[in-house]
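> Can you look at this prediction? I've put the sequence above it.
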Number of protein chains: 2
Amino acid sequence: MGQGAYRILQEAALRDYLAGLPDIAALLGGAPTAWSITEVGDGNLNLVFIVKGAGGGIAVKQALPYVRLVGESWPLPLSRAHYEYLALSRQAKLAPRLVPALLHHNETLALTVMELLEPHIIMRKGLVAGVQYPRFVDDITTFMARTLFFTSDLALAAAEKKEAIAAFAGNHALCKITEDLIFTDPYRIAEQNRWTAPYLDGLAASLCEDMELHVAISRLKLKFMASPEALLHGDLHTGSIMVTASETRVIDPEFAFFGPIGFDVGAVLANLLMAYFASAGHERAPGVRHEFEAWVLETVDQVWNEFARKFLELWRSEASGDAYPVSLFAGEKGAMRLEAERQAYMQRLFTDTVGFAAAKTIRRIFGLAHNIDFELIEDPRQRAVSEARAVRLARGMMVEAAAFRTVADVTGAARKLRDWQPELSG
Amino acid sequence: MGQGAYRILQEAALRDYLAGLPDIAALLGGAPTAWSITEVGDGNLNLVFIVKGAGGGIAVKQALPYVRLVGESWPLPLSRAHYEYLALSRQAKLAPRLVPALLHHNETLALTVMELLEPHIIMRKGLVAGVQYPRFVDDITTFMARTLFFTSDLALAAAEKKEAIAAFAGNHALCKITEDLIFTDPYRIAEQNRWTAPYLDGLAASLCEDMELHVAISRLKLKFMASPEALLHGDLHTGSIMVTASETRVIDPEFAFFGPIGFDVGAVLANLLMAYFASAGHERAPGVRHEFEAWVLETVDQVWNEFARKFLELWRSEASGDAYPVSLFAGEKGAMRLEAERQAYMQRLFTDTVGFAAAKTIRRIFGLAHNIDFELIEDPRQRAVSEARAVRLARGMMVEAAAFRTVADVTGAARKLRDWQPELSG
């Protein structure tokens, strides 16, 4: 197809473009002039349009050559749309029905057309509202176990793995955002940092002085940069998950690259834990969110436990990779020893997960990008209280990650902090 | 240059080819018909010619499309010559005078022309003869510290590092040789394995049953495959080092790729330790190699200690990478904490090094590729005794790598095994 050069497609141009795609036009149905086109992008980076016709709807995502949240002063390569497309294609094969269906991709325009997810909402919004999602544990753990296991050395031949790492190596501008905004800036004085002032001023300052924490975050940063264990989603928070009571879809894998497995798993746990600590701030009357909060913590437990169970099950039944070759673990004794090693591997992975979850929490409270779990708490003092509780847990998780032996250690610590009253500044 | 297709250049064709390269022809001097051309490749993979004219000499290396040691039944991509060239170019910048000068490279022919190293000999031959090399410690530790540090996350920006990893990802066929021959085959029944029979039959069988060892080697294999810490030489044994009393040159980096730093450092230590254990087998009269053996163990100590000192010194003075950002370790307290973390990093690296050194030892005694340190011991029983001592140390190093806290723990254990009498089979 003659694609021409990159240009930003606003409504009229987008309508013309889509009208020129027979399959898409047929799906939408009716005359192109009758299609409704609405820009709904509330993320930090891209344009997102919902297009509806008489026959159906689609979602259109176009990358901008800069960070939307900040503007043209912060350029960002369009190639991220290509990596998102690569990742989404692979996820669709590994975890069908857990990602939106891909309908069209134009690399030059950095534009992707996907299935419209309706009536799905961003999970984070549901969590703020106190909604429970009964499908979530099973779906997200299937998504993580399958996408992470099948792109790891446990499933891939070493040559395939190296080629796959190279295929995503060019997405380093997106990795750099993570390296800076998650693993560096919250721990130093940085212009883009912000927090609930004045209440958290003291805590923000203490983070910049806390050398144990700086060592811990630097080790995590190095692991993030130089441990290509599997193809990560790379931004797996509850704002990248769309849900209904009966469906879960993971969206927006533009940060995809080969990195440490615990980074994705930790992202899910961290965002649930933040929903838990934020919940007190959304209480309309004492105790009304008690059941929701219990569900959130139970979900944290189950997300790890089910993820670990499914990952191990895949390892036992689908280990076609070059790591831990079956031929070295023949016989009953070998099988037993390999099983013990699988458990040890999961324990190391859990320690990574705990550390990365802590990093994902702290950046949402002191870094550039915050989340509505906390931001929608109207009373800033109450918001600061919720945030301080989350930070207290996160600091312990980061500096003493290995002391959390099981996920129950994490949720138990969270529960104990539910009514803890921090000392605030100001 | 019109390169045409790949073809193997034997003497006549090589002469014509070199005559067509003005700079090379000028260096050699005189009429091309007067050049002497000798094939000297004693490695496992390639053709190597020494070409001499009235004015000077060169070395010419051409990759064959198969493993020379085995024949056409084991194909191997010519692209390895390209990766060798890439690695050698980078090493030449980082460690000038410690690698041969590059004079010409032809990617299509998989052919490289280099400075002729004369009167250098392969270090392993010198070690078999009991020769001490006073420059070796300083040179090899400079080579390792500089090539490894400056290609690590401590020196490179994350984006550069990812691009560099991708640039070497295609060398996976050479990595696969290592994965199979070092990290897998010696621990299972494999057709290509061989050992000093019948004396080591029992030990060979026990290796295949030793599940603790299988777990340890599998962890090392996974680290080899998925820890791109720095650009490795990838095959840094004493057969890849050419020496005189006053010079050291590292050659043959065709196994280069981004892997764990301890793999290169461990290779050097392992090959020195094997020279130590083999020495008893080369004794013409009791005690005549005593001084040499003391020098070898002292060299092991110094190689680690000097490498660590130089690597740390570079980290303190040239840390321009994205790992451990200096901005997180401001002030006296920060500087102290960062220094403690550097020491902890080196301790983890030492543990890796100990494990990889063990792996490099065991493969030379039970795998496909042996070395002349042991092979030139004429009496097979005596050879088996030396090998069994090396294996005993290596098994401990692999299974309890972290118990060796300093390199003196390693050389101390080696010294204790100098006269240990193993039980042999047969």
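Thanks, I have the structure now.

> switch to C-alpha atoms for all contacts and neighbour counts from now on
Will do.

> Low-confidence stretches in chain A?
A:1-3, A:43 (pLDDT under 70).

> looking at it, which residue lies furthest from center?
Distance from the centre of chain A peaks at residue A:331, with 40.2 Å (C-alpha atoms, centre = their mean).

> Could you report the distance from that one to residue B:19?
According to C-alpha to C-alpha, to the nearest Å, residue A:331 and residue B:19 sit 61 Å apart.

> Now for the residue of the stretch 101-250 of chain A found nearest chain B: which residues touch it?
Nearest to chain B in the stretch 101-250 of chain A, going by C-alpha to the nearest C-alpha, is residue A:166, at a distance of 4.4 Å. Counting by C-alpha atoms under 8 Å, 6 or more residues apart in numbering or on different chains, residue A:166 touches B:163, B:165-167, B:169.

> Now list the buried members of those.
Buried members of the contacts of residue A:166, counted by 16 or more other C-alpha atoms under 10 Å in any protein chain shown: B:163, B:165-167, B:169.

> ok, so of these, who is nearest chain A?
The nearest member of the buried ones among the contacts of residue A:166 to chain A, counting by C-alpha to the nearest C-alpha, is residue B:166 at 4.4 Å.

> SS state for that closest one?
Here residue B:166 is recorded as helix under DSSP: H, G, I helix; E, B strand; the rest coil.

> What is the neighbour count of residue A:423?
Residue A:423 has 12 neighbouring residues, counting by other C-alpha atoms under 10 Å in any protein chain shown.

> Could you do residue A:139 as well?
When neighbours are counted by other C-alpha under 10 Å, residue A:139 registers 21.

> Whichever strand or helix holds it: which residues count as buried?
Using DSSP states H and E, residue A:139 sits in helix A:136-149. Going by neighbour count (16+ other C-alpha under 10 Å), the buried part of helix A:136-149 is A:136-137, A:139-149.

> name the helices or strands packed onto that helix?
Contacts defined by 3 or more C-alpha pairs under 8 Å, 6 or more residues apart in numbering or on different chains; DSSP states H and E place helix A:136-149 against helix A:79-94, strand A:230-232, strand A:248-250, helix A:261-279, helix A:290-318.

> who wins for proximity to chain B among the ones you listed?
strand A:230-232 (9.4 Å).

> out of the helices and strands packed on helix A:136-149, nearest to residue A:380?
Distance to residue A:380, taken as C-alpha to C-alpha, is lowest for helix A:261-279 among these, at 11.9 Å.

> now the end-to-end length of stretch A:233-242.
For stretch A:233-242, the end-to-end distance is 15 Å (C-alpha to C-alpha).

> and that stretch, anywhere near chain B?
No - figure legend: stretch A:233-242 not in contact with chain B (C-alpha under 8 Å from any C-alpha of the partner chain); closest approach 15.7 Å.

> I'd say residue A:350 and residue A:263 touch.
No - the criterion here is C-alpha atoms under 8 Å, and residue A:350 misses it with residue A:263 at 10.4 Å.

> now the helix holding residue A:139 against helix A:79-94, angle please.
110 degrees (axes from the mean of the first three to the mean of the last three C-alpha atoms, to 10 degrees).

> relative to helix A:290-318, how tilted is helix A:136-149?
30 degrees.

> ok, residues contacting helix A:136-149?
With contact meaning C-alpha under 8 Å, 6+ apart, helix A:136-149 is reached by A:91, A:94-95, A:98, A:155, A:230-232, A:243, A:247-248, A:261, A:264-265, A:299, A:302-304, A:306-308, A:310-311, A:314-315.

> residue contacts, residue A:371?
Taking C-alpha under 8 Å, 6+ apart as the test, what residue A:371 contacts is residue A:364.

> Need phi/psi at it.
phi -130, psi 160 (degrees, to the nearest 10).

> measure it to chain B for me?
25 Å (C-alpha to the nearest C-alpha, to the nearest Å).

> And residue A:15, by the same measure?
Distance from residue A:15 to chain B, counting by C-alpha to the nearest C-alpha: 37 Å.

> Spell out the residue ranges of the helices in the stretch 1-150 of chain A.
A:11-19, A:22-28, A:79-94, A:123-128, A:136-149 (DSSP state H, counting those that start in this stretch).

> Please identify the most buried of those.
The highest average neighbour count among these, using mean count of other C-alpha atoms under 10 Å in any protein chain shown, belongs to helix A:136-149 at a mean of 23.

> still on that earlier bit, distance-wise, check the residue of the stretch 101-250 of chain A closest to chain B relative to residue B:169.
Remark: distance between residue A:166 and residue B:169 (C-alpha to C-alpha) = 6 Å.
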